[in-house]
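A.B. asks: Pasted the sequence and its predicted model underneath.
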Amino acid sequence: MLERMRRPPDAPGVERHHTMEDSMSTCFPSSSAHAAPTRPPAFPGARFLARLLAAAWVAALLPLSASAQEAQGWTPELSMRYHAVQGTAVSPDGSQLAWVVRAPVMEEEKSEYLSHIWIGNADGSRATQFTRGEHSATSPAFSPDGGHLAFTSSRSGSNQVWVIPVDGGEAEQLTEADPGVGSFAWSPDGSRVAYTMTDPPSEEQKAAEREKRDVIVVDQDFRNTHLYLVPVAANGEGERPVTRLTSGDFHVTSFSWAPDGTRIVFAHAPDPRINTGRLAGDISWVELAGQVVTPLVAGAGVETSPHVSPDGRYVAYVSTGDQIEPVGLGDIYLVEAGGGTPRKLADTPDRSANILGWTADGSSVLFTESVRTERHVFALPTTGGAPRALTSGAGVVGSPSFSLDGRHMAFTFQTPDVPADVHLSEVGRFAPRQLSDIHAGVPRPAMGRTELLTWRSADGRFEIDGLLTYPVDYEPGRRYPLVLNVHGGPAGVFSQGFTGGPDIYKTQVFAQQGYAMLRPNPRGSTGYGKDFRYANIKDWGFGDYEDLMAGVDHVLEMGVAHPDSLLLMGWSYGGYMTSFAVTRTDRFAAASMGAGLPNLISMTTTTDIGDYLVGHMGGEFWDDYETYERHSAMYRIANVTTPTQVIHGERDLRVPFTQGQEFYTALQRRGIPTEMLVLPRTPHGPQEPKLLMEVTPRILKWFDGHLGRGRPATQ
């Protein structure tokens, strides 16, 4: 049975949504009433008028002036002008910083992203674009002496390592990897660069492809990634002989130099499949002289992300412990570089650490982790003590990097109201200084305020966080449509990041159109510890659903939301929850399922992360059909009455396209209002900026239509 019925439209307190038709400008006359002439008009001045109209058309394509944009408010076009800032690097002496800015390119037929490197002084005296051109430049890394900057770019056709003097000059291509470089790192003395590269196709495979007989044998003939070494200086013949360091039936996932430069420690999995990486992983050394590989850590758990201590005595790494943990667990361990029994360090706040490296004195391991709705940098003592936070503030710290002496830390920081910019701080005393102002020329209209809410779960087990963004120009005492936005994962998290940026769901665009948005972190989310993250095992759609609905009721009790104007949307696991929620309640006026998985049985046998799902369901479906069916929306489809939109990427391997197709077809056959939007060329999320811009307006149109709201013009 459905939980409770939605109030009738004339219930007391219903906000009357006036239409906006009278306020909308009529941009184009009817084509039937004003047919275009077949030849240019003959009256004087026609050529001038044509030029004037052409100029007006060109002007319409240009960004709005600051004043015009302020008047128009938040639009998808404005959100796309807030660019991603990532990939910081600090020079060895801490005097300079480099970072990457990624911007969309949407001119004519182009719909792609272009990244370039910026460089600035630590005192804030200079911040200039360092690389230019039609090809992206990413992954900046200063040489150990600080004189050069290495980066990756596909300007020569495939992704290669390039080196350029920091003081300026021409970039020189360092590698000629076929099919291209993955990751790279300078040697401690700066004379060499180690890099990873995927095995190229064999001559036989190339011939088969040319001759159109290239049959793919699934899960065989893997092309693994391996380690290579190249000198920075060319020899007398102008060449740089490449040394292959590893080979065999394993896939290198990450690596770290020993401080003496004689060997490299690396993590590896049996093959490159993403699902395999959740089930197996070991750590080994490779000696540069002779390319001898020696195992360091192997066992039943999954070991990843090794980092050698500054004195070369220890290796820190992330591990699931003595067993695989497909749901997700990442504790920090320490092992002597020569081998021995690993030692687990103290628990980190969420037990899902991302190691950054070591403090300069080797006393602590540096890592980042989500803590509730924030993300920070921590130092974990090797003596077994509790971690200590190196950063603070209600926001999100990203892309941290450190100077060679460990005294300076660069990072990005953002809050719900302020976009990301690059900051620098001393490590011992957190006092961040903003060094970039990426969006100085981008308008920032009045924003919907974002507030951190907390409520108790219905079963009393947990305290649940949620971020509520109010409509722009919110009026206390007036009730507004509320969008419940569910994150992916389920081990995702809604953090206190900038709400005006180009996300799939553009929060401030919804706020501009008069919607409040609630983004909760129900049980299963990251940032709240292992017990919270594991609390939805064999419970998808039930305990987590109750956490979400308790948040909705909380916002209703606050007097912000109206019970007859509730909407629901989410991507990936958020799409799953959308599909399942509409089988449990009809409280939502409309819903939008993005890349959702309504059928857990067919999902398990088609996704590229099957064991992640099996871990949450507690076993294989053929041993427990009841659990899979109980948690699948498709087996409850007869309960759905909510108009539900379906959005899916055409090339999604994480949540295959057929998942969205199943739900859409079933709703259509049942006569439930629905539509399906297919994003061409798209994997598990929009990769092209023009397609990304399409999502929010189409959801708004769907929601507005089922609330009976008019739409103000946004373009």
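C.D. replies: In hand now; what should we look at?

A.B. asks: Please name the residues that touch residue 325.
C.D. replies: 301, 302, 615 (Cβ atoms under 8 Å, 6 or more residues apart in numbering). For the C-beta atoms, the positions are set from N, CA and C on the backbone; glycine is no exception.

A.B. asks: Among those residues, pick out the one closest to residue 432, please.
C.D. replies: Residue 432 has its nearest neighbour among these in residue 302, at 34.6 Å by Cβ to Cβ.

A.B. asks: Run a quick neighbour tally on the nearest residue to the closest one once chain neighbours are set aside.
C.D. replies: Nearest-residue entry for residue 302: residue 281, 4.2 Å, with adjacent residues in sequence omitted and distances by Cβ to Cβ, 6 or more residues apart in numbering. By other Cβ atoms under 10 Å, 28 other residues sit near residue 281.

A.B. asks: Quick check: residue 281 touching residue 304?
C.D. replies: Yes - the pair residue 281 and residue 304 passes the contact test of Cβ atoms under 8 Å, sitting 5.2 Å apart.

A.B. asks: any idea where the strands of the stretch 1-150 of the chain begin and end?
C.D. replies: 84-90, 96-105, 112-121, 127-129, 137-142, 148-153 (DSSP state E, counting those that start in this stretch).

A.B. asks: mind giving me JSON lines with those and columns for mean pLDDT?
C.D. replies: Output for those, formatted as JSON lines (pLDDT from 0 to 100):
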{"stretch": "strand 84-90", "mean pLDDT": "95"}
{"stretch": "strand 96-105", "mean pLDDT": "97"}
{"stretch": "strand 112-121", "mean pLDDT": "97"}
{"stretch": "strand 127-129", "mean pLDDT": "93"}
{"stretch": "strand 137-142", "mean pLDDT": "98"}
{"stretch": "strand 148-153", "mean pLDDT": "98"}
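
A.B. asks: ranking the ones you listed by burial, who's on top?
C.D. replies: strand 148-153 (a mean of 24; mean count of other Cβ atoms under 10 Å).

A.B. asks: That one relative to strand 84-90, how many degrees between them?
C.D. replies: Angle between the axes of strand 148-153 and strand 84-90 is 150 degrees (criterion: axes from the mean of the first three to the mean of the last three Cα atoms, to 10 degrees).

A.B. asks: next structured bit after strand 148-153?
C.D. replies: strand 160-165 (DSSP states H and E).

A.B. asks: Average pLDDT for the helix or strand just after that following strand, rounded please.
C.D. replies: For strand 160-165, the following helix or strand on the C-terminal side (DSSP H and E) is strand 172-173. Summarised as a single mean, pLDDT over strand 172-173 is 96.

A.B. asks: can you check stretch 223-234 too?
C.D. replies: Rounded mean pLDDT across stretch 223-234 is 97.

A.B. asks: I figured residue 181 hits residue 175, correct?
C.D. replies: Yes - under the contact definition of Cβ under 8 Å, residue 181 touches residue 175, with a separation of 5.5 Å.

A.B. asks: got any residues that touch both of those two?
C.D. replies: 160, 161, 195.

A.B. asks: Pick the one among these closest to residue 536.
C.D. replies: Using Cβ to Cβ, the shared contacts of residue 181 and residue 175 come closest to residue 536 at residue 195, 39.7 Å.

A.B. asks: okay, now the closest one: neighbour count?
C.D. replies: 25.

A.B. asks: before we move on, which element is it in?
C.D. replies: Per DSSP H and E: strand 192-198 holds residue 195.

A.B. asks: lowest-confidence helix or strand of the protein?
C.D. replies: helix 46-61 (a mean of 35; mean pLDDT, DSSP states H and E).

A.B. asks: Could you give the number of residues near residue 469?
C.D. replies: 24.

A.B. asks: Same question for residue 456.
C.D. replies: Neighbours of residue 456 using other Cβ under 10 Å come to 13.

A.B. asks: what's the answer for residue 476, then?
C.D. replies: Based on other Cβ under 10 Å, the number of other residues close to residue 476 is 7.

A.B. asks: roughly how far apart are it and residue 616?
C.D. replies: Distance of residue 476 to residue 616, computed by Cβ to Cβ, to the nearest Å: 41 Å.

A.B. asks: circling back: does anything pack onto the helix or strand just after the strand holding residue 195? Which helices or strands?
C.D. replies: Next along the chain after strand 192-198, taking DSSP H and E as the criterion, comes helix 203-210. Under the contact definition 3 or more Cβ pairs under 8 Å, 6 or more residues apart in numbering; DSSP states H and E, helix 203-210 sits against no other helix or strand.

A.B. asks: contacts for helix 203-210?
C.D. replies: 201, 214, 215, 221.

A.B. asks: now those residues in JSON lines, with distance to residue 574 and secondary structure?
C.D. replies: Putting the contacts of helix 203-210 into JSON lines (distance: Cβ to Cβ, whole Å; DSSP: H, G, I helix; E, B strand; the rest coil) gives the following:
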{"residue": "201", "distance to residue 574": "38", "secondary structure": "coil"}
{"residue": "214", "distance to residue 574": "37", "secondary structure": "coil"}
{"residue": "215", "distance to residue 574": "38", "secondary structure": "coil"}
{"residue": "221", "distance to residue 574": "36", "secondary structure": "coil"}
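
A.B. asks: out of those, which is most surrounded?
C.D. replies: residue 201 (16 neighbours).

A.B. asks: Could I get the contacts of helix 203-210 in CSV, plus columns for distance to residue 660?
C.D. replies: Shown next, in CSV, are the contacts of helix 203-210 (distance: Cβ to Cβ, whole Å):
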residue, distance to residue 660
201, 33
214, 30
215, 29
221, 31
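
A.B. asks: And residue 313, how close does it get to residue 181?
C.D. replies: 30 Å.

A.B. asks: Between the two, which has more neighbouring residues?
C.D. replies: residue 181 (24 against 13).

A.B. asks: Give the bridge partners for residue 193, please.
C.D. replies: residue 186, residue 230 (DSSP bridges).

A.B. asks: check contacts around it.
C.D. replies: 150, 161, 174, 175, 184, 185, 186, 187, 229, 230, 232.

A.B. asks: try 10 Å
C.D. replies: 141, 143, 150, 161, 163, 174-175, 181, 184-187, 228-232, 240 (Cβ atoms under 10 Å, 6 or more residues apart in numbering).

A.B. asks: same thing with residue 517?
C.D. replies: Residue 517 touches 448, 450, 467-471, 480-485, 499, 505-508, 510-511, 555, 567, 569, counting by Cβ under 10 Å, 6+ apart.

A.B. asks: One more pass at 6 Å, please.
C.D. replies: 469, 483, 485, 507, 510 (Cβ atoms under 6 Å, 6 or more residues apart in numbering).

A.B. asks: go on, residue 312?
C.D. replies: 258, 259, 337.

A.B. asks: go on, residue 348?
C.D. replies: 369, 387.

A.B. asks: Distance check, it against residue 371.
C.D. replies: Taking Cβ to Cβ, one finds residue 348 at 10 Å from residue 371.

A.B. asks: quick one, what contacts residue 406?
C.D. replies: So residue 406 contacts 359, 360 (Cβ under 6 Å, 6+ apart).

A.B. asks: picking up where we left off before, just the contacts of residue 517 now: which is nearest residue 531?
C.D. replies: residue 485 (24.7 Å).
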